[in-house]
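**Student:** what's the 3D shape of this:
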Amino acid sequence: MPDRLVANSADAYLGPWAAVNRLKPVFRYVEADGEEGCRYVLEAIQRLKAARSLRQGDRDMVQWLDQVKNRALFVCFGDDAGSDLALLSTHVVPGLPLEFEYASVTHERAVQPLLERCAAALGYEILKDRRILDQPGYGGLERRHSARERRRLMDRRSPVKDRRSAHHSR
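**Tutor:** This is a model prediction of the structure:
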């Protein structure tokens with residue numbers, strides 16, 4: 001099951017760049033992609049609009065997402081940029097929890113310390129997400145393509161030595 005990081009209240013969520021800036025001193029590798037963040041929000045809007053019965057809450061969410069889509073970020077972070085088992089990624093959408101999906105049980109176990117450090121850096125609480133993805137009425141934004149998005153980001157980034165000089169180290 002995916003994990004979620006939630007703030008104590010709706011107004012306690014950090015802005016996307018504020019969240020990235022809090023992660024930089026905690027992890028050796030932090031990379032953000034606004035294009036991928038916007039694409040994710042646009043896909044979420046399309047999924048909500050495609051629903052047969054768009055409830056008022058869904059209409060409100062579509063309106064909110066449309067307002068914040070250009071501020072959303074896809075963020076990938078960890079201590080070893082060369083290992084998929086040592087990286088976490090998520091979309092940071094203003095005002096919404098961060099959701100983390102794992103490639104496997106092995107990946108989930110390997111990155112739990114990263115998730116805990118991320119939660120501490122942001123001041124958020126870790127919650128196990130027990131909703132059923134792809135089922136109408138369970139709310140939230142589904143994270144279906146995190147591995148594909150992480151791979152697209154990894155393919156576009158600069159060589160390792162250039163990347164290390166551009167990011168914070170401990």
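**Student:** quick one, phi psi at the most centrally placed residue in the chain?
**Tutor:** For the chain, the residue nearest the mean C-alpha position is residue 90 (1.8 Å; Cα atoms, centre = their mean). With angles defined as degrees, to the nearest 10, residue 90 sits at phi -160, psi 170.
**Student:** from memory it sits against residue 73, does it?
**Tutor:** No. Residue 90 sits out of contact with residue 73 when judged by Cβ atoms under 8 Å, with a separation of 9.1 Å. Quick note: C-beta positions are derived from backbone N, CA and C, even for glycine.
**Student:** Residue 13 versus the residue nearest to the centre of the chain, what's the distance?
**Tutor:** Separation of residue 90 from residue 13 (Cβ to Cβ, to the nearest Å): 13 Å.
**Student:** And for residue 110?
**Tutor:** In terms of Cβ to Cβ, residue 110 sits 27 Å off from residue 13.
**Student:** If you count contacts, what does the helix or strand where residue 45 lies end up packed against?
**Tutor:** Residue 45 belongs to helix 34-50 when assigned by DSSP states H and E. For helix 34-50, the helices and strands in contact under the criterion 3 or more Cβ pairs under 8 Å, 6 or more residues apart in numbering; DSSP states H and E are helix 56-68, strand 73-78, strand 87-92, helix 146-156.
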